[in-house]
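>>> Just need the structure, nothing else, for what follows:
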Amino acid sequence: MAAETQELQEGAKAPDFSMKDQDGKTVRLADLKGKNVVLYFYPKDDTPGCTKESCSFRDNEKRLQAAGAVVLGVSLDSAESHQKFIKKFSLNFPLLVDDDAKVSKTYGVYQKKGMFGNLFWGIVRSTFVISPDGKLKKIFSKVKVDGHTDEVLDALKN
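Predicted coordinates for the structure are as follows:
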């Protein structure tokens, strides 16, 4: 599995993707050309860190829009799980379904993780800021939730 992930570099072209959102609508990176894209990968719907991160993006919607950014969340959860998460926390952006981890592998965030002595494959919390020309402007790996939205906003300004 590790061979399927790749190490992405800032300044490189962002890998294109096509995923379904919580309502079954296809979202393609190519269709967002000309906009800043905040593509954030998170481990699981409705868990403490993921909820805090998602709600921070929700609460900063006006600032993100002012920076010309589109926010997209990605996890391995189902469309139904995403719908419940969006409804429960009034999230105001799409959550994309990567149930086969294909895009997570392409972006290098599907990795072996450890918890309570158990090893398993999952998403390492990461955010990619993609510029209007489709290049990786900023990569945040192993994100700490507190203050992360401000880091993303700073990256959008530069």
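>>> Excluding chain neighbours, give the residue nearest to the spatially most central residue of the chain in space.
For the chain, the residue nearest the mean C-alpha position is Tyr40 (1.6 Å; CA atoms, centre = their mean). What sits nearest to Tyr40 in space, not counting adjacent residues and going by CB to CB, 6 or more residues apart in numbering, is Thr127, at 4.2 Å. The way it works is simple: take the backbone N, C-alpha and C, and place the C-beta from them, glycine included.
>>> Does anything pack onto the host helix or strand of the one you found? Which helices or strands?
Here Thr127, judged by DSSP states H and E, is contained in strand 126-130. Strand 126-130 sits against strand 36-41, strand 136-140, helix 148-157, with contacts defined as 3 or more CB pairs under 8 Å, 6 or more residues apart in numbering; DSSP states H and E.
>>> all helices of the chain, in order?
48-59, 61-66, 79-89, 102-106, 148-157 (DSSP state H).
>>> Tabulate those in a markdown table, adding columns for distance to Gly117, mean neighbour count and mean pLDDT.
Conversion of those to a markdown table gives the following (distance: least, CB to CB, whole Å; neighbours: other CB atoms under 10 Å; pLDDT from 0 to 100):
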| stretch | distance to Gly117 | mean neighbour count | mean pLDDT |
| --- | --- | --- | --- |
| helix 48-59 | 20 | 17 | 96 |
| helix 61-66 | 38 | 14 | 95 |
| helix 79-89 | 26 | 16 | 98 |
| helix 102-106 | 24 | 19 | 96 |
| helix 148-157 | 28 | 17 | 95 |
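>>> still on that earlier bit, I'd like the helices and strands packed on strand 126-130 written out as JSON lines, with distance to Ala14 added.
Listed next are the helices and strands packed on strand 126-130 as JSON lines, based on distance: least, CB to CB, whole Å:
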{"stretch": "strand 36-41", "distance to Ala14": "8"}
{"stretch": "strand 136-140", "distance to Ala14": "5"}
{"stretch": "helix 148-157", "distance to Ala14": "14"}
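>>> Alright, calling it a day.
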